[in-house]
Every structure is written in C-alpha cells, then in structure tokens.
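> Task: produce atomic coordinates for the following.
(3 chains)
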Amino acid sequence: MYPSRFRYEAPRSLEEAIRLLHEGGDEAKIMAGGQSLVPLMKLRFASPELIVDINNVPGLDYHRADPDGTLRVGALCRHADLERSDLLKQAQPTMAAAAPLIADPLVRNRGTLVGSLCHADPQGDWASVVVALGGSVVARGPGGRRAIPAAEFVTGPFENALAHDEIAVEAVIPAPVGTRSGGYLKLERRVGDFATVGVAVALETSDGSVTRAGIALTGVGGSTIAATQAAAALMGGPLTPESIERAAEAAAEAAQPRSDHRGSAEYKRHMVRTFVVRLLSRDGASVGKAA
Amino acid sequence: MTALDEIKIGGLGASRKRVEDSRFIRGRGNYTDDIVLPGMLHMEILRSPLAHARIVSIDTSKAWQIPGVHLVLTGEMMATRNLAWMPTLSYDTQAVLATDKVRFQGQEVACVIADDPYIAKDACEAIEVEYEPLPVIVNPEQALAEAAPIIRDDKTGTTSNVIFNWEVGDAAGTESAFARADKISRLRLHYPRSHPSPIECCGSIADFNRATSKLTVYMTTQAPHIIRAAVALVAELPEHMIRIVSPDIGGGFGNKVPVYPGYVCSILASILLERPVKWIEDKTGNLISTGFARDIYLDGELALREDGKILAVRMHVDSDHGAFFSDAQPSKFKIGLLHSTFACYDVPVGHITARGTYTNKAPGGVAYRCSFRVTEAMFFQERMIHQAAIDLGMDAAEFRRINLVPDDAFPYRTPFGFLTDSGQYGKCLDVGLKAIGYEDFRKQQAQAKANGRLLGLGISTMTEPLGAGNSREYDILGIKMFDSAELKIHMTGKALLRTGSKSQGQGHETTWAQIVAHELGIPAEDVVVEEGDTDTAPFGMGTYASRSTPVAGAAVAMVSRKIRAKARKLAAHLLEVSEEDLEWELGRFYVRGAADRGVTITECALAAYTNMPDGMEPGLENTAYYDPPNLTWPFAVYIVTVEVDPATGVWDVLNMVAVDDCGVRINPMIVEGQIMGGLTEAYAMANMQFITFDAEGNCVGANYMDYLLPTAWETPGYELHSEVVTPSPHHPIGAKGIGECAAVGGPAAFVNAVMDAITDTGVRNIDMPLLPDRVWEAITKRRDVSGAPPVRTD
Amino acid sequence: MTTVYDDVGDQAAGDVPMRRIAFTINGARKIAEVEPRLLLAHLIRRGVGLTGTHMGCDTTNCGACTVLVDGKPIKSCTMLAVQADGHEITTVEGLASASELHPLQEGFRAEHGLQCGFCTPGMMLAAKALLDVNPDPTEEDVRWALSGNLCRCTGYQNIVKSVLWAAAKLRSQSAG
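Predicted structure coming up:
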C-alpha cells in the first residue's frame, strides 16, 4: 500500500524525458497511466529509483488515422479514449472489441495502450490485439526513432525490447489492404479480471478471399503468442468451416497454457480453439460487409 | 384524540429511510482510519513469506536506523511481557508475533511503529529474518497422515494434528435406519475456504493516556465488550481502565469478531511509547491472516424410503482450521452449529461426527455471514437433498414437500436436539415455485435440451438457528450470550437508546428506534441510538450470527416495556386513577371507559422529572438484559434458473427468486437490503470466490486480483417475496432475524441449478466455485470435480 | 511546522525529496509539499483531511478511493499525489452544495443504496461521471459504469436503482 521512496521527474518534452532515462540507467522507469506500475510499487514488487512521468509531455494523447488508414495511438492515449472512439468502431473491429474489456472503467480512464504493451504482461489484452493486427511500436531514444514490430516488442513475461533510455511513443497499426474484420474474445471471471484466455483475430479480405490474417493469444503462455500457423491456415481463400477448423486447431496447438487456479491447460487450449471458431464464424458472416 | 399512526411515527413495519445515511452520503462517516489523534504514530506488520518454518534469527538493527522509526516489536520482545501468545475464542492459543516458528504464510513476525506508515513499511522491509523451511501441510488428509509433522509443537504433549473429535446424534438408531433403507444417497462435498472480506480492512488506534493510565482503543470490532474482556485478560490490564470504541465499520460479516495480533501489538506499542498508535491493515494482510471461513469436507449419506421419505441422515466432516484453533463459536460446540443441518426436514434420526485438524494455513473459522457454520450445514443439506431426489428419480420440489416439517408440528425437535419455533414451509415453497414459473420452466428446459441448450433450475430450502443464544447452552469463553439495551427518556419525551450490539451496516440507528416507537409511541426520529462505546453502552455480546434483532432487538422491546410500566404509574398519578383503570394505546394511556381522559408518553416523561408521585424514584430510564428462551428459526426458499454453455462451461443466471419468512419485519426496506446482499455473497461463493493454496502453502486469494468479489456487472437481479410471515412465538415482537439467511441458503440454489442443467451427464457433484473450467470438465469428462481449485498441476 | 527525528547517525532526516504542488479540490485551491511516493488518496485523506475518500484494497480493484480528476473518475490509490499538480479534484465532500444534496446523494438514501457506507462515496462519484455524459442511462449502462467499484453489502440492485433515481431527478431538473 506504500511505495518505496523514488526520485520523481515530470519532464515537459520527450527530449528531456529521454535524457532523464539515459542518466537514470536501469533504475529509471517511465510512468504513463501507471495502472500497472503503481500497484506493483504499492506492493513493493517494483521499487524503481527514478520515475519519469510523461503525463506532462504535450502531444502524446492522440489516436488518429493517417490518410492511408494507418492508425497511430500516442503514448498518452487512454483506454477510455479508445473505448469511446468512433474511429475504432468504424475501422478497427478487433481494437473496438478489446477496448471495453481492458481492466475496469476507472482504470481505463488512466491506463494507456502503449503502456500496456510496454508492461508486457502475458495476460495483457492489447499486446495480442496489436500483434494480430501486425502493428508496431515506435520507440524514441538518444539515437533517434525506430519502429519495432509488436511481435518482436514483447520479449518475455514483463519484458520488452526497449533499451533503458528509449521511450515507446506510439503504437502503429498498418493500413488495411482489404476489408478489415475481426474481434477479441476474453474469458474473464469478472470485470477487471485478467484473461484466463484471450484471443484476438484480425482479418483483411478482398473479393471474399482472405488477404491478411492475424491471430494472437492472451494468457496461454509466458508472453503473448502470435499464432502464425493458425493465421496462415486462413490465407488465400474464403473462410470455410474447414479453414476455420484448421485455424482453430493450429491456434490451440500454438498455445502453451499452464494449469492453474484459473483452469487446466487442457481447458485453456480448448477455449483458444472455441474462441477462434466463434470469432471466425461470427466474422464469416460479416466478411465483405464491413466498411 | 386519535391514536397515532404507527407507520407515520416510524414504528414497526415502516420502511423508514436510514438515519445513518445522512453522514455516509456526505462522506462524513467516521471509520477507524478516519480518526486522527494528536501525536499519533503508525504501525505496519512484517509477515512471514513461508507457510511453515523455524525462525533462525531476526535482525531488526537496520529498521531501528531508519529516521522516523520509534519502535520495532518482535515475538521475543512480546514474550518478555507474556504477550507472544494469546488465547483464542476456542480455548486454544495463537501467536501474536512468532517466536519459535511461523505456521502459515502471512503470519505476523514483527511490527514497526513510525511517524508515518510509509516509513513503517520501509522499516519492515529492512528487518532481516532467517527461516529454516519445514514440511508444509495444506489439507486435513496431509495433517492426518502417519508421518505428518506436528504443527503445534509449541504445546507440550501434542502428538497429532487433530484438534478435536466431536459427535452428536444417535449412532445406533441411525445405523438401523440405514439398514432398513430402500435407497442410500451419498455425496462427498467440499465447501472451499473463503473470507468474509468486508471492503474496509481491520484496524485499531490504541491510545494509552499516561496522565490517567487509561487505555482507549478505537477499532473495527463487531463485539466491543468481548474485546474489552479479552484485552483485560491478554494484556493483564484492569478492565475498568480499558475503553473500546467501535466507530463506523465498513462491513464486518464475521471478519471483525476475533482478536487479531495487530490489535494487541498496537496496544502494547501505545503503552510502551505513551502515544496513540494506529494500525490499518492492508487488504493482503486482511485476506492472508484474518479469520477465514469454511474449508470443510463432507461425507454425507441419506437413508431413503422408496416413496421419498427420508429415514435418517449421517454425516462425517473434516474441517481445516489452519495453524491455530480460533473459530468464533459458542464454547460448547466444537464445530459450531453444524448440527442444525436438516432442521427444516422431518428426519427421525441422524448422526454426525466431526474432526478438526491443524494445517499450515491462516487461522479463523469465523462465522462468515452465518451463525457458526450453519452455512456449511445448510449447503451440505441442500446439495444432499438435490442429489437424493435424483437418486430416487423424484422431482426436486416434490421430494422437499414430502419431507418438510409440517405447519402443525411446531415446536419441532430436530434429530440433533434443536427446537425449531415456527414456520409455514410448504407455503413458502409454493410461493417460490409459482414465482419462478416452475412448470413452465420445466417445459422450456425440455425444449431447450432438444436444441442442445442446457437450462437448469436449483432449489434451496432451509431454516437456520439465529439469535444465539440462551444462557443454558450458549457462551463464548464462558460469557453467556445475552444482550442488552438501555433507554433514557428525557423530560421532553426525546430518548437516548444504547445497546450492546454494534451495526456494521445493518442500520441499527434506524431500526432500534423503530422498536421504541412501536413500544412507546415515541416517534422514531425522537430516539437517538448509540452503540459501540464500552464506557457508555450496556454490556452486550455484539453483532454477528444474525443475533442483533433476535437478542439485542428483543432487549430494546423489553426495556421499552419497563419504561412503559413506570410511565403507567406516572399516568395513574397524573390522571388520579389507579393503574388498573388505565388502557394503553400507541403513545398514550387513557382511562378505561373515558377515552378522552388520557396522558401521552411525553406527558408521563415530563412528570417523571417534575411531578412524580410520593415515594417514586425520579427519572424515566432503565436497562434490560435479554436472555432469549430459544433460538429463532426463519425459513427461506431460494430458486435459481441458469443456462450453461456446454462449449465453455460458462453459466449465466436467468432468474432468481427469494422467499424469506423471517417473522415480523421491523423495516422491510432494510430487510430486503440484507437479503440482496446475502444473495450476492451466495452468488460469489458459487461462482468465483475462493482461497486456495499450493503445495508449499502459498496462498492464492490474498488480494482482490485473485479473491474475486462480483461487480455490478456480473451480479444477477433478484425477485424478493415477503408474503409469508410467521412470527416467532417467543420473541417479544415476533421477529426472527434475516442478516445471513440468503448467504446461508443461497449457494446451494446456484450449484443445484448448474447440476440440474447437466444432470444427464450423470455427474453428481462439482465443488464450488463453479468456475467455467470446472463445469466444462464435468460436462466433457463426465466426472465429478472435487476439492479446491488446484494452484498448479503441471 | 517541524519534524523531529531521533539522531540515528549516518542517515540524515532531511534528504527526503519533497515537491510542491498546486491543485484544486472541491473548488478550493491548495498548495502542498509532498513526497513523490505519496498516493493521491493519502494526500486527500491525510493532507487535506477529507476522509470521505476511502481505501479498501492494495491492488486497484475495489474503487472505494474513486475521485474525479478533471471530471473523470479514477482510483486515487493508483495515482501519485504529485500527479495532481495543476489538476482539479472532486471528492464526495464536493458533491453537495452548501444548501442541498446532489440528487445522487438523495437517490442513494431514497433507494437504500448503501449499508455500511464504505463504498458509497466511490460509487456516487463513478455514477456522477456516468450521468455527466449519459443523462438517461439504462440499467445495463449503470451496471457497466460501476463495474470498477466493489460493494460487499447491497448486492448492487439498490445501487442501480439509486443511480436511476438520481438520473430521473436530474432530467426533471434540467427540463424544469
């Protein structure tokens, strides 16, 4: 309930924030929404020496689409902004499905998508969504800017690919080539619970044929799992009961669940399969109809 | 003069808006953590990370070095004052701060008192403890094993982990009934470990006044007077120099009955430092170390006749009490009132054996929203009834109807010796079945089945013993379980009422005034109610086990009647007639045959101070101690319908109906609030709420990420029915108590509904919580799912 | 104001980093010196002395500490006090005006939406944020908006009724 002592800086520019991180070394930590970090600090599971609070850095609270349809989510865009976003409702079905399922309504007012990616909780929902969509994370550091594919950004449980003096400033979802569809299903025992199992599916179709597919899994491994074989099973043709079945099997195969008090490994694998089928079957009906 | 309208003056039956709400809705509640005293210091506790280990050394030197630290307490220091151990409510002992060993994860090892809690926490982290791990026991089976390590080796002569063996009933008679049975229905069940978990955690502010040597403790207690006695005994302080104040309490549900180490440490720290010391527990501390509930295994069997008549019941329970036997229960009963099981059914004979064991888990065994383990009793009963009906091939409602105690059988002696007071069980069942649309639902269920959908209906019918209890049988540590009320009528007719009970949200400030209004005709708004301060409140045993209305509420009625008796004398004096010539109507005495000649209770009050007859003691004040002649027995029918998704094991509640006959309702609005709260805890229990342990004794469920309380989103809506009212024949106003019925009877209704939905699988039982994976496993594997959810199995 | 520590040798008492912040709470402007690690809930409770904001858990689940920051409900146990610098906070004490209760406060009393009262301030503030953007919510809207706040006493049914009661009153006020 009472965090350890730390130094606190609230820079007003990214440059200053990067400098502070650079000087702070491994013991410095960025705080955006703080909805994962502050609880960890209260429990003293995390005791950073320096907190670099980026909430005063202007211009990071956006989410917007480029003219070509590329979606950019700034580091201070809150979950609640995404939950209420018309942009997501119109063009990002997977994200729109996931946004209301993050934590609870109050946490969503503070927490951020980019922060959630950085936190890299194996049970975090956004990582699966962004991975399924083939998104990336833009990092800024002393050496400049680089984009890291989301699938490579999460390197393990609670570990990401950022250098100690880099800040994730933006998540990028590439523009769709075909018509976008998809969804996110999460088995949670009650609102605010971590996922027992979560499945993100993102599809693009052209002329009734799947041109891009992404499937990623939450809570069934040491980190977010990109079910690439499952996605591959859908490519190049229309969704059929057979292709859906193959994708579901491959996704279940890709899962690496552990038995715990939330459920047996077998059950979790079964739920991955079930969710893939449900997402794609529901989706199948809407393929070609989505705006 | 026309008689007063009882509802208008806020008397019996008025859904009067709550008095206490005025402060709560403004954020002006006065909870323990809201109290700030001059010079107050803050205490934090260091807890054991291990479930069973020998303490090799404790080095506190670094903690002492931190600026702002005033005191570091360890078990060794407590021992020098004979405070390292304290007695429990069940005649066992419990470590205050560990000396020799730690016996459960989260056990109190040391504490720090500092200028602020952040510093105290820093200092706790700076304490270095070296542990030597010992083998860990996490369930009764392990505790009873041949070579099991002895957990309580602190007690000389201890040779096993068995705490008690207890039995009740007629073993031989039961045996012969089973021999005659057409059918025997068996079930093995586990009621998982859970925690009452009020949102407010426990806490205390000990304030030892060095000028007067008087100790005042502001604390979260449901039973301030018991605490005063306990502190006097534990800390060897004179009882008249101890004042316990229980301010507003943010929910109790049984969690705030026992004495916890944190209270004791804050008291000693205040005495040593001569400054107020505040201890506010964090949620982890609350869930990992304070009074858990349940954790019982049942082997139950019913002897049945072909026509559906129950011939006998036999049960054996193994209960897991953790490292210290600190159940809160009447002294005489080792496993609480578990033997109230099957009290609503006409069962000729029964036999129960119970065995309690120590394990390396937190102590407690508190009555979580029930009267001393009746939740387990009624859950086991209703699960066994459900299964027996299936085993007999009978309809679950019809099977109950055949066996429920008939209306003309009261007072009815149960097979285990209780005497139930009154009831209309069959009528309640009818109301419930009609409300849920029983026949229609059975048709829908059959149609749904044809389409591969699983619908289910679960019934739970039960009576439970409330209002412990009469002094012949009920005591805690020898103190008889009566309760009290003190009423002072001021000369203007306004009144001050104090009781030995202590509200934690039940609304006593509102309802107790209603009883006074009913008895004396003084408007409820003219009666102020005070509780929780042992310097002012009359001695009482506190609020838990649904005993407030049956016992303290009765005392309020009785003290009002004493006041009325004296007022009658005053009225006779004022009207210059004899007492025998007076009639009473609400709020007024009048001369028989001359209704216009009368005096109001207010006029009598004034006379008590200004114009009393010669020889009469002035004033209009009195105190009543109420020793109930018997327990009260409310009856309830809970019916739930659900749909189970066979592909995921997820189940949703379609409808829930609750029929409660709790006798006369003092404030129907508050009664309904109690029922809905209880139903929600029942839903939580059935669906998501549990504490479990891994093989090393690590506790899963020690925070709200793992210990799941349902939110507004998951919680179903409820339909409540109040049309059946059977007054208690022995309670002064016919009330029976209600606080816990729904939490007691509710869980089985939910479980029975899910089991009904999957009856075709042949699965006999899924132990709570009915998490989706467990339901799915039962459906797909067609096997029972037993025990607490495993923490890790691969 | 002064703080006196025992002289414990090498560790100086004066090296605690403090920061000065300015914020508004229930319309009143305040300046505070805070340690960065101080949680906003503790600033409100201990610093400002407004104890209507409660703390019920360590893990950002219970919502008893809900306050509005710039009109949005957040859990004040999961925000640092320093982060309140320059922001506007509303607590339960700021709901009522000097002369009358907020309709939510009336609604909770009228519909028996509270028992022990511990979760009530947080519930009312979360509900206020809902009604600010959605004056005519359905029961489902209310249940969803309150799903970050735990109540152990009521079973929520009366809380939902209380919020709907307040919504109706607010609508009739703005219509009149």
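> What residues does chain C have near chain A?
Residues of chain C found near chain A (CB under 8 Å from any CB of the partner chain) are C:16-17, C:19, C:35-37, C:39, C:55, C:58-61, C:63, C:66, C:72-75, C:77-80, C:82-83, C:85, C:126, C:144-149. The C-beta positions use only the backbone N, C-alpha and C, and glycine is treated the same way.
> restrict the residues you listed to those near chain B?
The subset of the residues of chain C next to chain A within reach of chain B, by CB under 8 Å from any CB, is C:35, C:37, C:55, C:58, C:59, C:61, C:144, C:146, C:147, C:148, C:149.
> what's the burial count for the residue nearest to the second one when sequence neighbours are not counted?
Distances taken as CB to CB, 6 or more residues apart in numbering or on different chains put residue A:3 closest to residue C:37, at 4.5 Å, once the chain neighbours are dropped. Residues near residue A:3, counting by other CB atoms under 10 Å in any protein chain shown, number 25.
> Phi first, then psi, for residue B:125.
Dihedral pair for residue B:125: phi -70, psi -20, per degrees, to the nearest 10.
> number of nearby residues for the residue nearest to it when sequence neighbours are not counted?
Leaving aside its sequence neighbours, residue B:125 sits nearest to residue A:44 (CB to CB, 6+ apart; 6.8 Å). Using other CB under 10 Å, residue A:44 is surrounded by 15 other residues.
> Contact partners for residue A:44?
A:3, A:4, B:121, B:125 (CB atoms under 8 Å, 6 or more residues apart in numbering or on different chains).
> Report whether it is found in a helix, as I expect.
No. Residue A:44 sits outside any helix when classified using DSSP: H, G, I helix; E, B strand; the rest coil, being coil.
> Which pLDDT value goes with it?
pLDDT, residue A:44: 96.
> Could you report the separation of it from chain C?
As for residue A:44, its distance to chain C is 10 Å (criterion: CB to the nearest CB, to the nearest Å).
> Kindly report the same for residue B:231.
Distance from residue B:231 to chain C, by CB to the nearest CB: 24 Å.
> didn't that residue look like it was pressed against residue B:241?
No. Using CB atoms under 8 Å, residue B:231 is not in contact with residue B:241, being 10.2 Å away.
> Find residues that contact each of these two.
Common contacts of residue B:231 and residue B:241 (CB under 8 Å, 6+ apart): residue B:215.
> Looking at those two, which is more packed in?
residue B:231 (23 against 14).
> re earlier: show the contacting residues for the residue nearest to residue C:37.
A:38, A:41, A:42, A:44, A:47, B:118, C:37, C:39.
> can you give me phi and psi for the residue sitting nearest the centre point of chain C?
In chain C, the centroid-proximal residue (CA atoms, centre = their mean) is residue C:67; its distance is 2.5 Å. Main-chain torsions, residue C:67, degrees, to the nearest 10: phi -130, psi 170.
> rewinding a little: any idea how far the residue nearest to residue B:125 lies from residue B:114?
From residue A:44 across to residue B:114, the span is 16 Å (CB to CB, to the nearest Å).
> repeat for residue C:141
46 Å.
> which one of the two has more residues nearby?
It is residue B:114, of residue C:141 and residue B:114, that has more neighbours when counted by other CB under 10 Å, with 24 against 17.
> excluding its backbone neighbours, what's nearest the more buried one?
Sequence neighbours aside, residue B:120 is the residue nearest to residue B:114 in space, at 3.9 Å (criterion: CB to CB, 6+ apart).
> Touching whichever strand or helix holds that neighbour from outside, list them.
Here residue B:120, judged by DSSP states H and E, is contained in helix B:117-125. Here helix B:117-125 makes contact (CB under 8 Å, 6+ apart) with A:1-5, A:44, B:42-46, B:63-64, B:66-69, B:72, B:110-114, B:280, C:35, C:37-38.
> ok now that helix, how far from the chain's centre?
Using CA atoms, centre = their mean, to the nearest Å, the distance from the centre of helix B:117-125 to the centre of the chain it belongs to is 34 Å.
> Could you identify the helix or strand that succeeds it?
Next element after helix B:117-125 (DSSP H and E): strand B:128-133.
> Mean confidence (pLDDT) on the following helix or strand past that next one, please.
The helix or strand immediately downstream of strand B:128-133 is helix B:140-144, counting by DSSP H and E. Taken as a whole, helix B:140-144 has a mean pLDDT of 97.
> Then stretch B:181-194?
Confidence for stretch B:181-194, expressed as mean pLDDT, is 97.
> Residue of chain B nearest chain A, please.
Per CB to the nearest CB, residue B:773 is where chain B lies closest to chain A, at 3.3 Å.
> Show the contacting residues for that residue.
A:196, A:262, A:263, A:264, A:267, A:268, B:649 are the contacts of residue B:773 under CB under 8 Å, 6+ apart.
> switch to 6 Å and redo it
Residue B:773 makes contacts with A:263, A:264, A:267, as judged by CB atoms under 6 Å, 6 or more residues apart in numbering or on different chains.
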